[in-house]
Structures are given as C-alpha cells and as structure tokens.
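*Asks:* With the input below, show me the fold.
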Amino acid sequence: MSGDRGYSEEVRRLFAGAPRSGPLPPGPGTSCRGEAEALDRGAWVRLDLRLQDGIVADARFYAWGCPHLIAACALATERLVGQPAPGALRIDPAGLARELGVPAAKLGRLLVLEDALSRLAAGMGEAL
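*Replies:* Numbers count the residues shown, from 1 in each chain. Prediction:
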C-alpha cells in the first residue's frame, strides 16, 4: 500500500494479511454466494460462505478496491464464522466504516459490501 497516510493500523493489518480472502475450501455443508459491484466507484466484492447445521462454518471473500474495502471485507468475513445463519448477516457496514476509520469519500465503496451481504442473505434463505 503506497502512501499509507490516512489508514489506521487495523486497516493496514487487514489489508496486508487479507485474512479469509480467496476460495472457500471444500467441506461439508451448503455453500452460498453474494456478489456486488460498482466499477464506477472502483469496487467489486464476492462473498462465499458454507453453512453447516444452521451455523456459518466458513466464510471467504474476493474483492477489488481500496484498502478500506479489503479491510472491511476481511473483518466482515471473520465475524460471520460461527454465527447462526438467520442472524449472521447483521453486519453493519456503517459500523465497520466507523471502526476502520473509513473517510466519507470512500463510504460508497462499502455500500458494495452491503449489497453483497444482502445478496448473500438471499442465497442463504434459499439454502436453508
């Protein structure tokens, strides 16, 4: 990340390591996907998760965008794991933005994460 002024330590950590990025490994349960994009805002997000016995057993993401968006996706997928399916997607992107110190100019990119979560919720409803 060049010129990391304006990025919190947490954004730097999550962007550098991108925990939970990449493909969902094979495993038991039902897989669901939610995807959204706003290429004009420089953002694309795909979320994949696996449900097992009504619990989110694993969650992964792919994203294209700024470090704030990558960090928010990493944080969101970390928080999904272990949650019961009906309430798992009650992640508030605005809360993530506050927690990560996302500037107002980049909030539109986090709306793409919100859209991907909504589509993931729809896919979960079909899987349950």
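*Asks:* Next up, phi/psi of the residue positioned nearest the centre of the chain, please.
*Replies:* To find the centre residue of the chain, average its C-alpha atoms and take the closest one (CA atoms, centre = their mean): that gives residue 73, at 2.9 Å. In terms of degrees, to the nearest 10, the main-chain angles of residue 73 are phi -60, psi -40.
*Asks:* Strands along this structure, start to end?
*Replies:* The residue ranges that make up the strands of the chain, judged by DSSP state E, are 30-38, 43-52, 55-64.
*Asks:* if we can go back for a sec, ok, so what distance separates the residue nearest to the centre of the chain from residue 53?
*Replies:* When CB to CB, to the nearest Å is applied, the distance between residue 73 and residue 53 equals 25 Å. For glycine as for every other residue, the C-beta is placed from the backbone atoms N, C-alpha and C.
*Asks:* What average pLDDT does the helix ranked longest in the chain get?
*Replies:* Residue-count comparison of every helix in the chain, with assignments taken from DSSP state H, identifies helix 107-127 as the longest. Model confidence over helix 107-127 averages 86 on the pLDDT scale.
*Asks:* just stretch 34-50 next, same as before
*Replies:* If you average the per-residue pLDDT over stretch 34-50, you get 95.
*Asks:* Just the C-alphas of that stretch, formatted as PDB.
*Replies:* As requested, the backbone C-alpha atoms of stretch 34-50 are provided in PDB (Å, rounded to 0.1, in the frame of the first residue of the first chain):
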ATOM      1  CA  GLY A  34     -23.300 -13.000  -2.700                       C
ATOM      2  CA  GLU A  35     -21.700 -10.600  -5.200                       C
ATOM      3  CA  ALA A  36     -22.000  -6.900  -6.000                       C
ATOM      4  CA  GLU A  37     -20.000  -4.300  -7.900                       C
ATOM      5  CA  ALA A  38     -19.800  -0.600  -8.600                       C
ATOM      6  CA  LEU A  39     -17.000  -0.400 -11.000                       C
ATOM      7  CA  ASP A  40     -17.500   3.300 -11.400                       C
ATOM      8  CA  ARG A  41     -16.700   3.600  -7.700                       C
ATOM      9  CA  GLY A  42     -13.800   1.200  -8.100                       C
ATOM     10  CA  ALA A  43     -15.300  -1.700  -6.100                       C
ATOM     11  CA  TRP A  44     -16.300  -5.300  -6.500                       C
ATOM     12  CA  VAL A  45     -17.000  -7.900  -3.800                       C
ATOM     13  CA  ARG A  46     -17.800 -11.600  -3.800                       C
ATOM     14  CA  LEU A  47     -18.600 -13.300  -0.500                       C
ATOM     15  CA  ASP A  48     -18.800 -17.100  -0.200                       C
ATOM     16  CA  LEU A  49     -19.800 -19.000   2.900                       C
ATOM     17  CA  ARG A  50     -20.600 -22.500   4.000                       C
END
